[in-house]
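1. build me a structure from this.
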Amino acid sequence: ITERKNAEEILKESHALIKIAGEKAKLGGWNLNIGENRVSWSDEVAAIHEMPVGYSPPVEEGINFYAPEWRGKIKKAFTNCVRKGISFDEELQIIVASGKRVWVKTIGEAVRDDKGKIIKVQGAFQDISERKRAEESLRQSEENLSITLNSIGDGVIATDLNGMVVNMNPIAEKLCGWSLTDAVGKPLIEVFNIVNADNQKTVINPVKKVLENGEIVGLANHTVLISKNGKEYRISDSAAPIKNKEGEISGVVLVFSDVTEKYLTEKSLKENEERLNLFFNQSLTGFFFMRLDEPIVWSESVDKEKTLDYVFGHLRVTKVNQAMLDQYMTTEDALINRTFYEFFAHDLKQGRKVINALFDSGSLHIDTSELRSDGTQMWVKGDYICLYDSKGRIKGLFGTQQDITNRKNALNELQLSKMELEEYFENDISANYILTIDGYVLSCNNTFLKLFGLTKKPVPGTLNIIDFYKDPELRNKLVVRIIEERKI
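-> Numbering: from 1, shown residues only. A predicted model of the protein is given here:
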């Protein structure tokens, strides 16, 4: 009986292996003999239903384990299998003994006798909840990815290892001028047509670089994407490898954005800055900027004298133009970082008064005296404004200055000449006077008063010189000469 014993052992081992496999895979079997109303369940099928081992429910009870929304479907499939021999393979939900919903895969087929009559229905039954959760997680992940790709403001194109397009989002479709349907399977270089903005030469395919190096690659700033319809976009771009869980590259993802507006704005800003710098540097008016090491609060709540001590040592020149250098007869190196202690070294008291007034009002127009680098005095007419940070603190100032030394000197000389003339007018031994066109005295000297016997100077415009001439004929001649010749 050795052979029989060996066969029994082998059969035992086979059953044990099948049981282990069933438990691990959560897979069992069932059968129903036609004419009976009870389904035989394997141990694993009973375990899936959370029922005791050996449990064999009536058909109707077995059907009732299915969730209400699936009962009609399984009942129809089971009936067709029993009556017509139609096999079924369904994925449905059951409600187990504890009330928990479980996804299962149920398979059924008819068994016929030699005459073709259906004598039994049997099948497999498997708990596929884990797979369903994985599928749902994958579906959710793909849905989230799709939402992200469709919502993101950048264009995204994915390729395979051969550089063929496999996916692209709506922004990429818009910028490239290709629909996803038309682009899939096309070479990236055909869909993503990029050239150098300066010379219009084709730019090396970034996907090719990624596949060669296995690293993230970015495009140069002067790259232009030419859409299928011919429209051009300035773009920024990067390409990165797509790797599987083994770390092997399976494709490339390309992310790019339309920076045309940004480029035009930056270009405009650059041009404006160049124009401003040209005006700043070539203006005949002195321009300068000063910045504090740290912003200050200027209000009635602070100690202004103490704050001015800080300002005079920490407000420094950061930028000047040539006109400013010419005013001080110095170089840029000598003026940059200069503080108010140096500007107002000749009169710190006046300097503090000026800066206090500037900080109080935020702007100031003033004529002030300063020293050139050679120690000579100069007069400047200045307009100054405070620069503030986002918190309203003073962070620096901007100023314009004109050298008005020559004008001041001319005014002083004119004032001196006026004084000398007035002194000569008053002390002249001749009778000096100034008349209106009608002969009224506007001004006269002391000799005039003595000559005409006046004790004090008349109010301007009240005394007419003609009144001193009594002879009518002489008076008429005088009037004619005054009116016609404007002199006597």
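
2. against W298, how distant is the residue most central in space within the chain?
-> Nearest residue to the geometric centre of the chain (Cα atoms, centre = their mean): K262, 9.9 Å. According to Cβ to Cβ, to the nearest Å, K262 and W298 sit 37 Å apart. Heads up, the C-betas are built off the backbone N, CA and C, glycines and all.

3. got it, and E370?
-> Plainly put, E370 is 23 Å away from W298 if you go by Cβ to Cβ.

4. what do you get for L175?
-> Distance, L175 to W298, by Cβ to Cβ: 51 Å.

5. and if you look at Y440?
-> Y440 is 57 Å from W298, by Cβ to Cβ.

6. check L269 too.
-> Note on L269: its distance to W298, by Cβ to Cβ, is 31 Å.

7. counting neighbours, what do you get for L161?
-> By other Cβ atoms under 10 Å, 14 other residues sit near L161.

8. in contact with the nearest residue to K319 once chain neighbours are set aside, which residues?
-> Excluding its sequence neighbours, the residue lying closest to K319 (Cβ to Cβ, 6 or more residues apart in numbering) is F289, at 4.4 Å. Going by Cβ atoms under 8 Å, 6 or more residues apart in numbering, F289 touches 317-320, 396-398.

9. okay if I get those residues as TSV plus distance to Y328, neighbour count and pLDDT?
-> Shown next, in TSV, are the contacts of F289 (distance: Cβ to Cβ, whole Å; neighbours: other Cβ atoms under 10 Å; pLDDT from 0 to 100):
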residue	distance to Y328	neighbour count	pLDDT
V317	10	22	95
T318	16	12	94
K319	15	16	93
V320	9	24	93
G396	19	17	95
L397	17	22	95
F398	17	15	94
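
10. which one of those is nearest Y341?
-> Among these, V317 lies closest to Y341 (Cβ to Cβ), at 12.2 Å.

11. what helix or strand is that closest one on?
-> strand 315-320 (DSSP states H and E).

12. next helix or strand past that strand?
-> helix 322-328.

13. for that following helix, buried residues please.
-> Residues of helix 322-328 classed as buried by neighbour count (16 or more other Cβ atoms under 10 Å): 323-325, 327-328.

14. now swap in stretch 342-359 and tell me
-> Under the neighbour-count criterion of 16+ other Cβ under 10 Å, stretch 342-359 has 343-344, 351-352, 354-356, 358-359 buried.

15. just stretch 227-234 next, same as before
-> Buried, per 16+ other Cβ under 10 Å, within stretch 227-234: 228, 233-234.

16. so which of the residues you listed sit within strands?
-> Among those, the members found in strands (DSSP state E) are 233-234.

17. dump the buried residues of stretch 227-234 into CSV; add distance to N80 and pLDDT as well.
-> Converted to CSV, these look like this (distance: Cβ to Cβ, whole Å; pLDDT from 0 to 100):
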residue, distance to N80, pLDDT
K228, 53, 92
Y233, 60, 90
R234, 64, 88
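
18. in CSV, list the buried residues of stretch 227-234 along with distance to K84.
-> Below are the buried residues of stretch 227-234 laid out as CSV (distance: Cβ to Cβ, whole Å):
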residue, distance to K84
K228, 56
Y233, 63
R234, 68
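
19. closest to E274 among the buried residues of stretch 227-234?
-> R234 (20.0 Å).

20. wait, that closest one touches D258, no?
-> Yes: under the criterion of Cβ atoms under 8 Å, R234 makes contact with D258 at 7.3 Å.

21. quick one: the helices in the stretch 351-488 of the chain, in order.
-> Ranges of helices within the stretch 351-488 of the chain are 405-427, 446-451, 472-480, based on DSSP state H, counting those that start in this stretch.

22. which one of these is the most hemmed in?
-> Among the helices of the stretch 351-488 of the chain, helix 446-451 has the highest mean neighbour count (mean count of other Cβ atoms under 10 Å), at a mean of 15.

23. what lies in contact with that one?
-> Helix 446-451 is contacted from outside by 426-433, 454-457, using Cβ under 8 Å, 6+ apart.

24. what's the spacing between it and its chain's center?
-> Distance, stretch centre to chain centre, for helix 446-451: 84 Å (Cα atoms, centre = their mean, to the nearest Å).

25. equivalent analysis for stretch 416-431, please.
-> Taking Cα atoms, centre = their mean, the mean C-alpha location of stretch 416-431 is offset from the chain mean by 73 Å.

26. also stretch 199-206?
-> 28 Å.

27. ok, and what's touching it?
-> By Cβ under 8 Å, 6+ apart, the residues outside stretch 199-206 that reach it are 163, 188-189, 194-196, 217-220, 223, 237-239, 254.

28. what distance separates the start and the end of stretch 279-291?
-> End-to-end distance for stretch 279-291: 21 Å, by Cα to Cα, to the nearest Å.

29. what of stretch 305-322?
-> 33 Å.

30. test for you: state the pLDDT assigned to A220.
-> In this model, A220 is scored at 66, pLDDT.

31. do I have it right that T405 meets L371?
-> No: T405 is not in contact with L371 according to Cβ under 8 Å; the separation is 11.5 Å.

32. remind me which residues of the stretch 101-250 of the chain are low pLDDT?
-> Applying pLDDT under 70 to the stretch 101-250 of the chain picks out residues 142, 144-151, 219-221.

33. can you map out the helices along it?
-> 129-151, 170-176, 180-183, 188-191, 206-213.

34. same list (those) but as TSV, adding distance to L463.
-> Converted to TSV, the helices of the stretch 101-250 of the chain look like this (distance: least, Cβ to Cβ, whole Å):
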stretch	distance to L463
helix 129-151	95
helix 170-176	93
helix 180-183	104
helix 188-191	102
helix 206-213	99
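
35. out of the ones you listed, which is closest to V121?
-> Nearest to V121 among the helices of the stretch 101-250 of the chain is helix 129-151; the distance by Cβ to Cβ comes to 24.8 Å.

36. returning to that earlier point: could you say which helix or strand holds the residue nearest to K319?
-> Using DSSP H and E, the element containing F289 is strand 286-296.

37. the nearest residue to C81 once chain neighbours are set aside pairs with what?
-> Excluding the flanking residues, the one nearest C81 by Cβ to Cβ, 6+ apart is G108, at 4.8 Å. Bridge pairing for G108 (DSSP bridges) gives the partners F88, G123.

38. OK, contacts around G108?
-> So G108 contacts 77-78, 81, 87-88, 121-123 (Cβ under 8 Å, 6+ apart).

39. rewinding a little: are any of the contacts of stretch 199-206 buried, and which?
-> Taking 16+ other Cβ under 10 Å as the criterion, what is buried in these is 163, 188, 194-195, 217, 219, 223, 237-239, 254.
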